[in-house]
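K.L.:
Let's see this in three dimensions:
(one chain, ligands or ions: 1)
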Amino acid sequence: MQHKETIIPDILMMGEDDEPPSPANLLNIEKTTSQFAPPKAIYTSIPTLAGNRIRLARPHPRSTPKTRAFRKKYYPEVSDKEWNDWQWQMSSRIRRFDKINKMLKLSPEELDALSNPGFQLPLSITPYYASLLSVDDPLQALRRSVVPTSGELVKMPCESDDPLGEDHQSPIPGLVHRYPDRVLFLLLDFCSTYCRYCTRSRVVGHGSILPGRSRLERAIEYISRTPTIRDVLLSGGDPLTLSDDRLEWVISRLRAIPHVEIIRIGTKVPAVLPQRITPKLVKMLHRYHPLWMSLHFIHPDECTPETNRACNMLADAGIPLGSQTVLLKGINDSVETMTQLMHQLMMMRVRPYYLYQCDPITGSGHFRTSVEKGLEIIRGMRGFTTGYSVPTYVVDAPRGGGKIPMMPDYVEQHTSEALVLRNYENKIFRYPDSAI
Ligand code: SF4
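P.N.:
Numbers count the residues shown, from 1 in each chain. Now for the predicted structure:
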């Protein structure tokens, strides 16, 4: 059997000439002295005999029993220091058939895909994320999201490699200018772990968008001479797979542009590589406020002690955290799973933000649900749980139409005198709406 060997351009090995300069002295921003150390304890409250409750600190669990068992089995020689080092996690990514075949009992559909050199997106999973996968169950949510199956090889007529038309709205390679006041700045096409449903599978992991200095300079120069741009979203690939110095070089250059009001970072790192959120990184990010983050999560099983710690460190640095979730068939397409995920995110101080209808990417048919399914989920959440926990469900319109919010219809009738509304409990209410 011939197995595809995935070769991923290693950003850590780029030439010296491509290294952006040190951020030192580029921007005169007051350095903070605070340290954003990982939380050492969480609190629990217990009742006393007097009927009061007292708060006790208890040690924060460092990882789940599942992760510990996985480490013991596959990485017995690896020290805690190495395992918790994001660069060790990066250099130890699972990228080859022989390695994943030792860790998981592969299904025929997975074997078929892994032996076929035709799939678009490389295979790459951090050891940490691999520790969360089920060994026996190919239908487990997290496993389906990162292990290829033969479904990826099926192309449907409605699918395309670039359904959002990003390539046509790109004035500079890697810069998408779709909305007047904001741009999407793709720093690189590399991720530590590749999601099989990735909207940018046409570029991600192919080594075509590199964080080279000249391309980044051209994009920054475009932003600098376009005064309508007040918001820059850094994405990729995953921007947090860059070194602190490279990332700071980009952020500091953007922060020096007077009309750039906010900088946002889109990342899946807290879910797949939480070790990357180090005190040094958050201390650096804290210097460039207002800076926001959109964190990509798909399932409550991603909300582990490691991820909780990473999100808390970012939140403690004053970074507003929002979530992005793709609606995926057989992974999170139920009211129960979605509600549980959103509740877990709230506990990690991440505000549920967008729930995306899965884009019609080539080979994504096995992941897509109907839009009715998404509406059913929102209907099952709105009113039944905290309003903050309900994300905005959107369809990213094909060919660059932008995000269009989708809402269940609560209006039964609208006359010149009143609105007839149906609430979450299916009860009918009449609201007087006549012109005064
Ligand atoms: S993290 Fe984002 S860019 Fe990377 S593979 Fe997943 S969806 Fe694509």
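K.L.:
So which residues on the stretch 101-250 of the chain come close to the ligand?
P.N.:
Residues of the stretch 101-250 of the chain lying close to the ligand by Cβ under 6 Å from any ligand atom are C191, Y194, C195, C198, R200, V204, G236, G237, D238. Quick note: C-beta positions are derived from backbone N, CA and C, even for glycine.
K.L.:
are any of those residues buried, and which?
P.N.:
Neighbour counting by 16 or more other Cβ atoms under 10 Å classes C191, Y194, C195, C198, R200, V204, G236, G237, D238 among these as buried.
K.L.:
list the contacts for the fifth one?
P.N.:
Meaning R200. By Cβ atoms under 8 Å, 6 or more residues apart in numbering, the contact list for R200 reads E166, L186, D189, G237.
K.L.:
In strands only, show me those residues.
P.N.:
Counting by DSSP state E, those place L186 in strands.
K.L.:
okay, the contacts of R200 in JSON lines with distance to L111 next?
P.N.:
Below are those laid out as JSON lines (distance: Cβ to Cβ, whole Å):
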{"residue": "E166", "distance to L111": "33"}
{"residue": "L186", "distance to L111": "33"}
{"residue": "D189", "distance to L111": "27"}
{"residue": "G237", "distance to L111": "28"}
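K.L.:
quick one: which of the contacts of R200 is most hemmed in?
P.N.:
Counting neighbours by other Cβ atoms under 10 Å, G237 comes out on top of the contacts of R200 with 28 neighbours.
K.L.:
Could you pull up the residues touching that one?
P.N.:
L186, L187, L188, D189, F190, C191, R200, V204, I209.
K.L.:
next one: phi and psi at the fourth one?
P.N.:
Think D189. phi -110, psi 20 (degrees, to the nearest 10).
K.L.:
quick one: contacts for it?
P.N.:
By Cβ under 8 Å, 6+ apart, D189 lies in contact with R200, V203, V204, G205, H206, G207, S208, I209, L210, G236, G237.
K.L.:
make it 10 Å
P.N.:
Contacts of D189 were listed using Cβ atoms under 10 Å, 6 or more residues apart in numbering, and they are 8-9, 11, 174, 200, 202-211, 236-238.
K.L.:
try the third one
P.N.:
For L188, the contacting residues are 9, 11, 14, 174, 204, 207, 209-212, 215-216, 235-239, 241-242, 246, by Cβ under 10 Å, 6+ apart.
K.L.:
ok, now the last one?
P.N.:
For I209, the residues meeting the contact criterion (Cβ under 10 Å, 6+ apart) are P173, G174, L186, L187, L188, D189, F190, R200, V203, R215, G236, G237.
K.L.:
ok, 6 Å please
P.N.:
Taking Cβ atoms under 6 Å, 6 or more residues apart in numbering, we find I209 in contact with G174, L186, L188, D189, V203.
K.L.:
Would you reformat those as JSON lines and include pLDDT?
P.N.:
Shown next, in JSON lines, are the contacts of I209 (pLDDT from 0 to 100):
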{"residue": "G174", "pLDDT": "92"}
{"residue": "L186", "pLDDT": "96"}
{"residue": "L188", "pLDDT": "96"}
{"residue": "D189", "pLDDT": "94"}
{"residue": "V203", "pLDDT": "81"}
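K.L.:
Appreciated, that's everything.
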